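Participant: next one to model:
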Amino acid sequence: MKFKVLHQKAKLLDDSIDEYIKNEGTHFVPMRRLQELTSKTFPEAQRVNVGLHKLVFHLTYESHELALKIGKKETIERDHHAYKLLPHPLRHVYFARIFWHSKYCLLQDYGEEAEATYDQIKMLRSIGYKYGLLDITCENIRTFNGYLKIVDASVAPYGLYRIWKTADLILRRLPTPVRMIIRRARILSTVRET
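Facilitator: Modelled structure (predicted):
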């Protein structure tokens, strides 16, 4: 297993999350508290993103730039499932490598911020659609050694792919400011729920 030391720390974080859930009688840890628990376990990690269902931290380990994603068990499993939908020969060509996941954590290559053209995003999106991946946007693409790769994607629940794909296509056609307002509203409502 790659990055075994980080995996052991992730298991400690899993235990801390389980203990919090048990003691507080909640479904999961509020995002602010989750960040505190993560910072105690991974003091070198810097939060870079708050998603709808997870926190994303950047950390450097043995000269590797990595993304540590932390969220509910179902969220981590969905992210890993999205990654595995691409056939093995294509997986690391179009999707950032996922090294491992624990109950609430997932370790992935981090890459660099990308400036993708419309045609490049369209090409990655068409590959994603072919294998059932949605929500492939500029924010979910990064550069790895000069190659663009997907770092995050959504998978529709069973039987709802066409509806979700239509919603994805409609959302992509909205002006950027409108998309950002919708995204912020979804994040705020998610944060309030946890």
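Participant: so where's the chain uncertain?
Facilitator: Counting by pLDDT under 70, the chain shows low-confidence ranges at 51-52, 182-194.
Participant: longest helix anywhere in it?
Facilitator: Criterion DSSP state H: the longest helix present in the chain is helix 4-24.
Participant: got the buried residues for the helix or strand just after it?
Facilitator: Using DSSP states H and E, the next helix or strand after helix 4-24 towards the C-terminus is helix 31-41. Going by neighbour count (16 or more other Cβ atoms under 10 Å), the buried part of helix 31-41 is 31, 34, 35, 37, 38, 41. Any C-beta I mention is one placed from the backbone N, CA and C, and that applies to glycine too.
Participant: ok, the fourth one to residue 105 distance?
Facilitator: Using Cβ to Cβ, to the nearest Å, we find residue 37 at a distance of 11 Å from residue 105.
Participant: list residues touching both of those two?
Facilitator: Taking Cβ atoms under 8 Å, 6 or more residues apart in numbering as the contact rule, the neighbours common to residue 37 and residue 105 are residue 13.
Participant: and the longest helix of the chain, what does it pack onto?
Facilitator: Using 3 or more Cβ pairs under 8 Å, 6 or more residues apart in numbering; DSSP states H and E as the contact definition, the elements that helix 4-24 packs against are helix 31-41, strand 54-61, strand 64-71, strand 105-109.
Participant: tell me what angle that helix forms with strand 64-71.
Facilitator: If you take axes from the mean of the first three to the mean of the last three Cα atoms, to 10 degrees, helix 4-24 sits at 20 degrees to strand 64-71.
Participant: nearest to residue 1, out of the helices and strands packed on helix 4-24?
Facilitator: Between residue 1 and those, the shortest separation by Cβ to Cβ is 10.2 Å, and it involves strand 105-109.
Participant: what is that closest one packed up against?
Facilitator: With contacts defined as 3+ Cβ pairs under 8 Å, 6+ apart, strand 105-109 has these neighbours: helix 4-24, strand 64-71, helix 73-85, strand 98-101.
Participant: these: which one's closest to residue 122?
Facilitator: In this view, these are compared for proximity to residue 122 by Cβ to Cβ, and helix 73-85 is the closest at 19.1 Å.
Participant: buried residues in that closest one?
Facilitator: 75, 76, 78, 79, 82, 83.
Participant: one more: stretch 164-173?
Facilitator: Within stretch 164-173, the residues scored as buried using 16+ other Cβ under 10 Å are 164, 168.
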